[in-house]
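Participant: fold the following.
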Amino acid sequence: MAQLKSHKIDLPQSDIYYYANFLTRNRADKLMQNLRASIAWQHDDIRVFGKTYPQPRLTALYGNNGQPYSYSNITMNPHEFTDELREIKGDIEKITAPTVFTTCLLNLYRNGKDSNGWHADDEASLGINPVIASLSLGEERRFHFKHKDNPEWKHKMILEHGSLLIMKGSTQHHWLHQIPKTSREIGERINLTFRVIK
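Facilitator: Now for the predicted structure:
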């Protein structure tokens, strides 16, 4: 890992940290290439407000305790962690200790049309105050926060190649986040979100 420097995202009722250079450029490049080729990507249909349509990204679930993960009427069953995912999990856990992650949900954004709408990672299976560690690879994407109750509280940032965003404490109780679509011509992005599923 590169020399780590964290930046605390100063939002009320949250506990969020950003590490712009969590991975070196060389390691991030190799990890992006390897995951793109080796992960068992799937393309699920998502049901929202009674309508079903293809989810605007590819996903995959990996873990070590066999626990499925359900969100937005989708239930995913995990593949066993690969050696590469175990290694990166261990590196992230050096920062998040004593949290030890059981599961990684991966997202593949193929272009600017792929997105992830407003949501909070607040499913009951994640526990009361979940720790979510989000590693970004590939194309930079905009990342938005908005408060659930106060519409004036918002924040926008760029998630860079090789960066790590950690959300913990009461963040998921009070804040929504999204990866919006963009009209720009951009390449692929892979996002690894490590979490504990009980």
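Participant: C-alpha from now on. contacts and neighbour counts both.
Facilitator: Will do.
Participant: now the farthest one out in the chain, which residue is it?
Facilitator: Within the chain, residue 50 marks the point farthest from the mean C-alpha position, 25.8 Å out by C-alpha atoms, centre = their mean.
Participant: what is the burial count for residue 10?
Facilitator: Neighbour count of residue 10, defined by other C-alpha atoms under 10 Å: 11.
Participant: what distance do you get for it to residue 72?
Facilitator: Distance, residue 10 to residue 72, using C-alpha to C-alpha, to the nearest Å: 29 Å.
Participant: tell me how far the closest residue to residue 71 other than its chain neighbours lies from residue 173.
Facilitator: Nearest non-adjacent residue to residue 71, counting by C-alpha to C-alpha, 6 or more residues apart in numbering: residue 123, 7.4 Å away. Distance of residue 123 to residue 173, computed by C-alpha to C-alpha: 10 Å.
Participant: residue 151 too?
Facilitator: Using C-alpha to C-alpha, one gets 15 Å for the distance from residue 151 to residue 173.
Participant: quick one, which of these two is more surrounded?
Facilitator: residue 173 (17 against 8).
Participant: so who does residue 115 touch?
Facilitator: Contact partners of residue 115, counting by C-alpha atoms under 8 Å, 6 or more residues apart in numbering, are 56-57, 109, 178-181.
Participant: quick one: pLDDT of it?
Facilitator: Per-residue pLDDT puts residue 115 at 97.
Participant: then residue 1?
Facilitator: Model confidence at residue 1 (pLDDT) stands at 48.
Participant: can you pull out the helices in the chain?
Facilitator: Counting by DSSP state H, the segments of the chain that form helices are 25-38, 83-96, 171-174.
Participant: which stretches of this protein have low pLDDT?
Facilitator: Applying pLDDT under 70 to the chain picks out residues 1-3.
Participant: switch to 80 and redo it
Facilitator: Applying pLDDT under 80 to the chain flags residues 1-3, 48-49, 72.
Participant: give me the number of residues near the residue lying closest to residue 18 once chain neighbours are set aside?
Facilitator: Residue nearest to residue 18 in three dimensions, not counting chain neighbours: residue 165, with 4.5 Å by C-alpha to C-alpha, 6+ apart. For residue 165, the neighbour count with other C-alpha under 10 Å is 22.
Participant: who's in contact with residue 165?
Facilitator: 16-19, 133-135.
Participant: wait, doesn't residue 169 sit right on residue 17?
Facilitator: No - using C-alpha atoms under 8 Å, residue 169 is not in contact with residue 17; the gap is 11.4 Å.
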